[in-house]
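Visitor: Quick one, structure for this:
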Amino acid sequence: MSEPAKTTMEWPRYPTLERVLQDDAQGLFERMEKTCRRLEEFVKTGTPQEQGRARSAMAAYGRTMQLLRRLTEEAEKLAQEAK
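Guide: So this is what the prediction gives:
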């Protein structure tokens, strides 16, 4: 019986995301927080339709911010391990 061929798996690269994580993660996070504060105003003063849209957008921003935080932490951990 022959051995299975070994293949090298190449991981996909995402240069824009990598650049953001390295250079501007904090700036992006701050801009998203600012957007969420503006959306809060729609929740308080908007029409029922605007309030619903604002809540949905805030939920999406919240999940995105959690993901950004996690990606940033992982990138920092990998950078430390590479040293």
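Visitor: lowest-confidence helix or strand of this protein?
Guide: helix 15-19 (a mean of 86; mean pLDDT, DSSP states H and E).
Visitor: Using PDB, write out every CA atom in that one.
Guide: Extracted C-alpha coordinates of helix 15-19, given in PDB (Å, rounded to 0.1, in the frame of the first residue of the first chain):
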ATOM      1  CA  PRO A  15      -4.100  41.900   2.900                       C
ATOM      2  CA  THR A  16      -6.600  44.600   3.600                       C
ATOM      3  CA  LEU A  17      -7.800  43.000   6.900                       C
ATOM      4  CA  GLU A  18      -4.200  42.300   7.900                       C
ATOM      5  CA  ARG A  19      -3.200  45.900   7.300                       C
END
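Visitor: which is the next helix or strand following it?
Guide: Counting by DSSP states H and E, the next helix or strand C-terminal to helix 15-19 is helix 25-45.
Visitor: Spit out the contact partners of the residue most central in space within the chain.
Guide: By C-alpha atoms, centre = their mean, the chain has its centre lying nearest to residue 68, at 3.1 Å. Applying C-beta atoms under 8 Å, 6 or more residues apart in numbering, we find residue 68 in contact with 25, 28-29, 32. Heads up, the C-betas are built off the backbone N, CA and C, glycines and all.
Visitor: Could you do residue 72 as well?
Guide: Applying C-beta under 8 Å, 6+ apart, the residues near residue 72 are 21, 25.
Visitor: how much space is there between it and residue 54?
Guide: Separation of residue 72 from residue 54 (C-beta to C-beta, to the nearest Å): 26 Å.
Visitor: Just the buried subset of the contacts of residue 68, written out for ChimeraX, thanks.
Guide: To isolate in ChimeraX the members of the contacts of residue 68 that are buried, counting by 16 or more other C-beta atoms under 10 Å, one can use:
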select :25,28
